[in-house]
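Peer 1: Sequence and predicted model, in that order:
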Amino acid sequence: MALFCAHGGVDVDLGTKEMGELLVESFDKLGQRARVLAVPPDITRLHSQAGELTCAAWAHFGDRMKAVLPAIGTHAPMSTAQIDHMFPGMPHDLFRVHNWRTDVETLGDVPAEFIHQQSEGKLNFAWPAQTNKLISRGDFDLILSIGQVVPHEVIGMANYNKNILVGAGGRQGINLSHYLGAVYGMERIMGRAENPVRAVLNYASDHFLRAFPIIYVQTVVGRRANGGLAVRGLFIGDDAECFHRAAALSLKVNFELVGEPIRKAVVYLDPHEFHSTWLGNKAVYRTRMALADGAELIILAPAVKEFGEDKCIDGLIRKYGYNGTPATLAAVDANGDLAAELGAAAHLIHGSSEDRFSITWCPGQLSREEIEGVGYKYGNYAEMSEHYNPDKLSHGYNRLDGEEVFFVSNPGLGLWAHKSRLT
């Protein structure tokens, strides 16, 4: 077990060139490798710098890099334009598409007794450790798992073995891990490196991934004072230490404790990243612990055109809606289609305010009927973005026409909370 790079701090600002040099220094410590697989995130994690790091790895290994498998999880496959944008110059024939329903195999099961313990007695099922067959059967002598450590609604802190077992995982593993997190309680998990979902993935890593030559390449990305983004850390290793170091830095960089509960929040969803409520509900997840009871959350989403990126999940969201935990659990008990897709059920729980605050979605490409049909309030994007202009609002508190508005320009980069919501 080794830590090859641990470079970071709250004031560090790594450039692309320096990141590439640190990456190559780490590769030199590994010795010669002949068959390399890169597993970066997709366009929804554009700001992770994983694209730049994957390009740097390709430049170093050349034709020894045999494939790139974006860890899209349940997301739509990357388009050619998205590949060119995130991985400029890389050959298209290197890229493979992960199908979470068909391209996986089960490496083993985490025992039901362990799930029962981690869920505090609420759940009792074995968890299948699944990953893409290219990872398990591709005969690679180096698998580069590349991504960003940042607060996350399902796993507490994103990345590390989640990239392999969820991002490149299978239907059962994704569904059951998400459901475990939702039933345990999202607000008890977010921002915590150790939690029940992570414990399950760590069990799977210890028992089923040790034979694979996986190296984790993890960034921590924060915001500069002028509003730009800065890479605050790069951590590279083959075990949990690099993840824990990155997670500790991410809490300092990406977690913001607000002085008073927020009465009105406006969140903007970058059209390059967010095309569905499945992804865009980060606006709900990451701000909910900072919102006051009775608060208003307004989501400006110019490119959102669907609910789920998977057609089956999209249909389930439209059918059952974001109606809170009791209603969703009852729907799971009463309906086989939702019970068969527990990841969708978990998402419906995550995306609900539990009637504690209001959520107004302002999508560019969904109708009022569609938005109200899943239980949200509807706002006209053109009108709302003119009033709450994302180009004019500053990150954090703004005074606008006599009211105080808290603006978040990218919810994927942080976690906001008030001390009253922390347990």
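Peer 2: Received it, and whenever you're ready, just let me know what you need.

Peer 1: mind listing what's buried in stretch 381-390?
Peer 2: For stretch 381-390, a neighbour-count test (16 or more other Cβ atoms under 10 Å) marks Y381, M384, S385, Y388, P390 as buried. Bear in mind the C-beta positions are built from the backbone N, C-alpha and C, glycine included.

Peer 1: Identify the residues contacting stretch 355-373?
Peer 2: Applying Cβ atoms under 8 Å, 6 or more residues apart in numbering, the contact partners of stretch 355-373 are 271, 277, 284, 288, 291-307, 318, 321-322, 324, 353, 376-381, 384-385.

Peer 1: now do 7 Å
Peer 2: Here stretch 355-373 makes contact (Cβ atoms under 7 Å, 6 or more residues apart in numbering) with 284, 291, 293-305, 318, 321, 324, 353, 376-381, 384.

Peer 1: How far does it stretch from one end to the other?
Peer 2: Start-to-end span of stretch 355-373 (Cα to Cα, to the nearest Å) is 16 Å.

Peer 1: how about the helices in the stretch 1-150 of the chain?
Peer 2: Using DSSP state H, counting those that start in this stretch, the helices of the stretch 1-150 of the chain run over residues 16-30, 50-61, 80-86, 112-118, 133-137.

Peer 1: so of those, which one's packed in deepest?
Peer 2: The highest average neighbour count among the helices of the stretch 1-150 of the chain, using mean count of other Cβ atoms under 10 Å, belongs to helix 50-61 at a mean of 21.

Peer 1: and A38, which of the helices of the stretch 1-150 of the chain is closest to it?
Peer 2: Comparison of the helices of the stretch 1-150 of the chain against A38 by Cβ to Cβ identifies helix 50-61 as nearest, at 5.1 Å.

Peer 1: okay, the angle between that closest one and helix 16-30?
Peer 2: Going by axes from the mean of the first three to the mean of the last three Cα atoms, to 10 degrees, helix 50-61 is angled at 50 degrees with respect to helix 16-30.

Peer 1: helices or strands up against helix 50-61?
Peer 2: Contact analysis of helix 50-61 by 3 or more Cβ pairs under 7 Å, 6 or more residues apart in numbering; DSSP states H and E lists helix 16-30, strand 36-39, strand 65-68, strand 142-148 as its packing neighbours.

Peer 1: Could you dump those into CSV with mean pLDDT and distance to G233 added?
Peer 2: Listed next are the helices and strands packed on helix 50-61 as CSV, based on pLDDT from 0 to 100; distance: least, Cβ to Cβ, whole Å:
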stretch, mean pLDDT, distance to G233
helix 16-30, 95, 10
strand 36-39, 98, 20
strand 65-68, 98, 23
strand 142-148, 98, 10
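
Peer 1: mind giving me CSV with the ones you listed and columns for distance to L201?
Peer 2: Formatted as CSV, those follow (distance: least, Cβ to Cβ, whole Å):
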stretch, distance to L201
helix 16-30, 23
strand 36-39, 15
strand 65-68, 23
strand 142-148, 12
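
Peer 1: and the gap between M90 and G138?
Peer 2: Note on M90: its distance to G138, by Cβ to Cβ, to the nearest Å, is 18 Å.

Peer 1: Same question for G364.
Peer 2: Computed as Cβ to Cβ, the G364 to G138 distance reads 39 Å.
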